[in-house]
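Undergrad: need a 3D model of the following:
(2 chains)
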Amino acid sequence: MSTTALPAQIARVPGVAIALIALCIVFVLTSPGFATPPNIANVLTQSTILLLLALPMTLIIMTEGLDLSIGAVLTFASIILAITAVSTGSLALAFAAALAVGLCFGFLNGALIAVFDIPPFITTLGTLGIAQGLSLVVTDGQSVVGIPRSIETIYSGTAAGIPLPIILAALAYAVTHALLYHTRFGAYVFALGGNREALKVAGISVRGMLIRVYVFGGLMAGFAALLMTARLNSAHPTAGIGMEFDAIAAIAVGGTSFERGNGWLLGTLLGVITVGVLRNGLNLLAIPSSVQVACVGGLVIAALFIDGLRGEQ
Amino acid sequence: MTVSPLFELRGVCKDFPGVKALDNVSFEINAGEVHMLVGENGAGKSTLMKILCGAYRADEGTFFQNGEQVRIDSPADARKFGIAVIFQEFTLVPYLDIAQNIFLGREFPNRVPGLIDRRRIHAEAKRVLDLIGFHIDPRTPVHKLGVAQQQMVEIAKALSQDARILVMDEPTAALSDRETELLFAMIERLKKKGVAIIYISHRLSEVFALGDRITVLRDGRKIGSLLPAETTPDQLVTQMVGRPVDATYTRPSRPTPGEVVLEVKNLSGPSGFSDVNLTVRAGEIVGLCGLVGSGRTEVARAIFGADHVSTGEIRLNGKRISASAEDSVRRGMALIPENRKAQGLALARSIGDNIVLVGLRKLFPSGIFAPRRAIKAARAVIDKLRIATPSPRRPVATLSGGNQQKVVVGKWLNADAKFYIFDEPTRGIDVGAKAEIFRLLDGLVHNGAAILMISSEQIEIVHICDRAYVMRSGRIAGELKHHELTEANIVRLGIHQ
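TA: The predicted structure is shown next:
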């Protein structure tokens, strides 16, 4: 039962928006560098990689699934991308290789979950280990350097004054939005989490749809690997460690429930920005990154607490 | 010269390992007809329904549509012949809207390749909803709808696929009286449009109120087809169970009630009841009735200590109790809840585990679980209640509804309760199992227990209870002593004035 003292208007604002506004107010008051145009552009640019992972993860979570491997797959794709770029000199080929890595891992996840009925948590914990292990084996624990300089422009370039990563992320958001809300596939994602029996009676393959959802996750991890490699101008075997944590946190903050296919894509976007703002603000306050992880955890609980207070399911 | 029926099954047989689920069953349905399908649990109703919708294939038998022989080998075939089933578990997606649910898997394509035409989906959905007289915005997400509305969406979904034969499996099981009326009105509308309805029910009242024809199945065989106008409820029940039984059960004489076991004084609570006074004596069964939503269940839960109480007092054997469920159980109170799947049973666990759950403290005072002693205690209960299972180690989910209900009751036998609250003990179970539950209740009061029983079926209250309290809008509207206890009096007291 909701025992809200808040006026009805405010009560309808989602917890993530309240959390975002509250955080902005705190950082505006505590750090003078926060509300400057370059810093705002910085926050958004830095959020793009996380967004690329959080978008497909939202769909995966809507199917009552999970992809713990997404950060490790990003890392491995980034390493294959760098190695291909160094050895062939072709960025296009390198990007294709990264997408192929994502596709393979996505398909592996999907097939294990849908066909062999292994729980998503276990499946993707396993593929996390595989992708992370392969990254270390292939690189011998070292960074891959010597990528053609032109790759940097993908992360640092601008078009019409807007940073390229932001444009790419906006594009990815638009595509995912269309996919979720305006295609058959999207309707089936809602059904995968909400009522699989509904798909069966409609004559749609539950397995096929589940595999596609995880393949989408893998491909987006491959795409994110391009931005990550461009950002670092190299590939590190530990670059993506813990990104699945931030992605899942952002989705939870954004109000997507882990049950019954109750997802909200705009909430994920806001959640990603909220996590980005939190990390940026803590950076400005010179708070170590280990403490930042704890703060992201606290943010998740706070946002869900706000939603829970107002009796939202 | 006779017109051939809309759809006909002849000589259908279906074997499962060890069971003949259907034995030479024939069945026909005409356009604009409501054909009631009745029978005890396990009579073969579900199997027949699943053969009709293509989920199972018949071992033997032929099908005719408008007199022409056809085959049903898959759900797609059934759909082709316009057969749609409304299952008790809905096949709706909670976070899609009504329109998207109606057209799930059949979305209209947009001019932009790959995208769907949401506008057209909504317009078409509106058309179908208007057709059945369900006026609601098709953009409403399904999770915001109540059970009755979701059922309407299921019906709309079936009709949008050109269903001409609707199979409904106990559609009123989860509906309130008001919602049931709305459903019946819709069924009348569908009949006028020529839709044929196969209606499976355990409620005799609706079988007679709604049915144009009644087919009775027992042990996989068709016992007969009856016309409601020419049949009495007793005759129907006799056909269902195969031996003459009184419509539900007749109460044997009971000794004069003993001491007051439960006394409730001026009880009010935030869940919507106020100033409730009632007493239950040892050796008597007292009914608590009233319309759905009148506060019956809330009062029962408050007495048990599962819900909060704001004022008033509850005394068990003269001692005031503190209104916590833990305290109630320790003092010998038992609540057998209405929703056995959600509240009364651990479905994935074994029958034995469920039975010993309540009596754990008594069975194993040292705190150490002894599997053999548990199985022995469970077997005793299984024998006593005649629960149909080969072993206490089988999962509870494998039992039929009636036997599951016996397990819910059985687990309290180990606790040696003195006072029982039964909330809708016969919901969704067949006539034979009902009679056994009632015999069990009777056995309990003979051994000196006191029982408070909630039921929506007034006839049951009249037949089982020694007296009854009728609730209305959260208050006790009146008490009916034994000689006043009639269906008419219950309705009179329960209805809003």
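Undergrad: bridge partners for B:Gly478, pull those for me.
TA: B:Val470 (DSSP bridges).
Undergrad: ok, it touching B:Leu493?
TA: Yes. Counting by Cβ atoms under 8 Å, B:Gly478 touches B:Leu493, with 4.6 Å between them. Heads up, the C-betas are built off the backbone N, CA and C, glycines and all.
Undergrad: mind listing the shared neighbours of these two?
TA: B:Val470 (Cβ atoms under 8 Å, 6 or more residues apart in numbering or on different chains).
Undergrad: have a look at those two and say which one is more surrounded.
TA: B:Leu493 (21 against 16; other Cβ atoms under 10 Å in any protein chain shown).
Undergrad: and the more buried one, helix, strand or coil?
TA: Of the three states, B:Leu493 takes helix according to DSSP: H, G, I helix; E, B strand; the rest coil.
Undergrad: quick check: residues of chain A near chain B?
TA: Within chain A, the positions near chain B by Cβ under 8 Å from any Cβ of the partner chain are A:178, A:182-184, A:187, A:190-191, A:193-195, A:197-204, A:260-263.
Undergrad: and B:Asp15, that's in a helix?
TA: No. Secondary structure of B:Asp15 (three-state DSSP): strand, not part of a helix.
Undergrad: per-residue pLDDT, it?
TA: Here, the pLDDT recorded for B:Asp15 equals 83.
Undergrad: list the contacts for it?
TA: By Cβ under 8 Å, 6+ apart, the neighbours of B:Asp15 are B:21, B:59.
Undergrad: could you rerun that using 10 Å?
TA: Contact analysis of B:Asp15 by Cβ atoms under 10 Å, 6 or more residues apart in numbering or on different chains lists B:21-23, B:59-60, B:220.
Undergrad: so where's the stretch 1-150 of chain A uncertain?
TA: For the stretch 1-150 of chain A, the stretches with pLDDT under 70 are A:1-13.
Undergrad: up against chain A, what does the stretch 251-400 of chain B have?
TA: With Cβ under 10 Å from any Cβ of the partner chain as the criterion, the stretch 251-400 of chain B meets chain A at residues B:Pro270.
Undergrad: B:Leu291 and B:Ile454 touch, don't they?
TA: No. The pair B:Leu291 / B:Ile454 is not scored as a contact, 11.9 Å apart, by Cβ atoms under 10 Å.
Undergrad: what residues are shared contacts of those two?
TA: B:Met471.
Undergrad: for the stretch 1-150 of chain A, which residue gets nearest to chain B?
TA: A:Met62 (8.1 Å; Cβ to the nearest Cβ).
Undergrad: wait, that residue touches A:Arg260, no?
TA: Yes. Assessed by Cβ under 10 Å, A:Met62 is found in contact with A:Arg260 at 9.0 Å.
Undergrad: pLDDT score assigned to the closest residue to chain B within the stretch 151-300 of chain A?
TA: Chain B sits closest to A:Ala202 of the stretch 151-300 of chain A, with a gap of 2.9 Å, by Cβ to the nearest Cβ. What the model reports as pLDDT for A:Ala202 is 81.
Undergrad: A:Val300 versus that one, what's the distance?
TA: Distance, A:Ala202 to A:Val300, using Cβ to Cβ, to the nearest Å: 35 Å.
Undergrad: next one: B:Val147
TA: 33 Å.
Undergrad: neighbour count: these two, which is higher?
TA: The neighbour count for B:Val147 versus A:Val300, taken as other Cβ under 10 Å, is higher for A:Val300 (19 against 12).
Undergrad: show the pLDDT at that one.
TA: On the pLDDT scale, A:Val300 gets 85.
Undergrad: and B:Gly220, by the same measure?
TA: 83.
Undergrad: give me the number of residues near it?
TA: 22.
Undergrad: now the strands for the stretch 51-200 of chain B?
TA: Along the stretch 51-200 of chain B, the segments classed as strands by DSSP state E, counting those that start in this stretch run B:60-65, B:68-70, B:83-86, B:165-169, B:196-200.
Undergrad: those into TSV, with extra columns for distance to A:Thr58 and mean neighbour count?
TA: Formatted as TSV, the strands of the stretch 51-200 of chain B follow (distance: least, Cβ to Cβ, whole Å; neighbours: other Cβ atoms under 10 Å in any protein chain shown):
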stretch	distance to A:Thr58	mean neighbour count
strand B:60-65	46	17
strand B:68-70	45	11
strand B:83-86	32	23
strand B:165-169	35	23
strand B:196-200	40	23
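Undergrad: for those, which one sits closest to chain A?
TA: Comparison of the strands of the stretch 51-200 of chain B against chain A by Cβ to the nearest Cβ identifies strand B:83-86 as nearest, at 8.7 Å.
Undergrad: the closest one vs chain A: in contact?
TA: Yes. Against chain A, strand B:83-86 shows contacts by Cβ under 10 Å from any Cβ at B:84-85.
Undergrad: give the rounded mean pLDDT of that strand.
TA: Taken as a whole, strand B:83-86 carries a mean pLDDT of 86.
Undergrad: dump it to CSV, keeping only the CA atoms.
TA: Taking C-alpha atoms only, strand B:83-86 is exported to CSV below (Å, rounded to 0.1, in the frame of the first residue of the first chain):
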residue,chain,number,x,y,z
ILE,B,83,-11.8,-23.1,-32.4
ALA,B,84,-10.3,-21.0,-29.6
VAL,B,85,-9.7,-21.9,-26.0
ILE,B,86,-9.8,-19.4,-23.1
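Undergrad: direction included, what does it pair against?
TA: When DSSP bridges is applied, strand B:83-86 pairs with strand B:165-169 (parallel).
Undergrad: average model confidence for the strand it pairs with?
TA: Rounded mean pLDDT across strand B:165-169 is 89.
Undergrad: how far does that strand sit from its chain's centre?
TA: In terms of Cα atoms, centre = their mean, to the nearest Å, the centre of strand B:165-169 is set 17 Å apart from its chain centre.
Undergrad: do stretch B:363-381 as well
TA: 32 Å.
Undergrad: stretch B:332-351 too?
TA: Put simply, stretch B:332-351 sits 15 Å off its chain's centre (Cα atoms, centre = their mean).
Undergrad: wait, what's in contact with B:Phe304?
TA: B:Phe304 sits next to B:314, B:321, B:323-325, B:328-329, B:333-335, B:337, B:419, B:421, B:423, B:452 when contact means Cβ under 10 Å, 6+ apart.
Undergrad: so of the residues you listed, which ones are in strands?
TA: Per DSSP state E, strands hold the following members of those: B:314, B:333-335, B:419, B:421, B:423, B:452.
Undergrad: got a ChimeraX select line for the buried ones in the residues you listed?
TA: This is the ChimeraX syntax for the buried subset of the ones in strands among the contacts of B:Phe304, where burial follows 16 or more other Cβ atoms under 10 Å in any protein chain shown:
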select /B:314,333,334,335,419,421,423,452
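Undergrad: could I get the pLDDT score of the closest residue to B:Phe304 other than its chain neighbours?
TA: Nearest residue to B:Phe304, sequence neighbours excluded (Cβ to Cβ, 6 or more residues apart in numbering or on different chains): B:Leu335, at 4.2 Å. On pLDDT, B:Leu335 comes in at 84.
Undergrad: B:Leu335 contacts B:Lys411, correct?
TA: No. Here B:Leu335 does not reach B:Lys411: they are 11.4 Å apart, not a contact under Cβ under 10 Å.
Undergrad: close to chain A: what parts of the stretch 101-250 of chain B are there?
TA: So the stretch 101-250 of chain B meets chain A at B:101, B:103-107, B:109-110, B:112, B:114-118, B:121, B:141-143, B:157, B:161 (Cβ under 10 Å from any Cβ).
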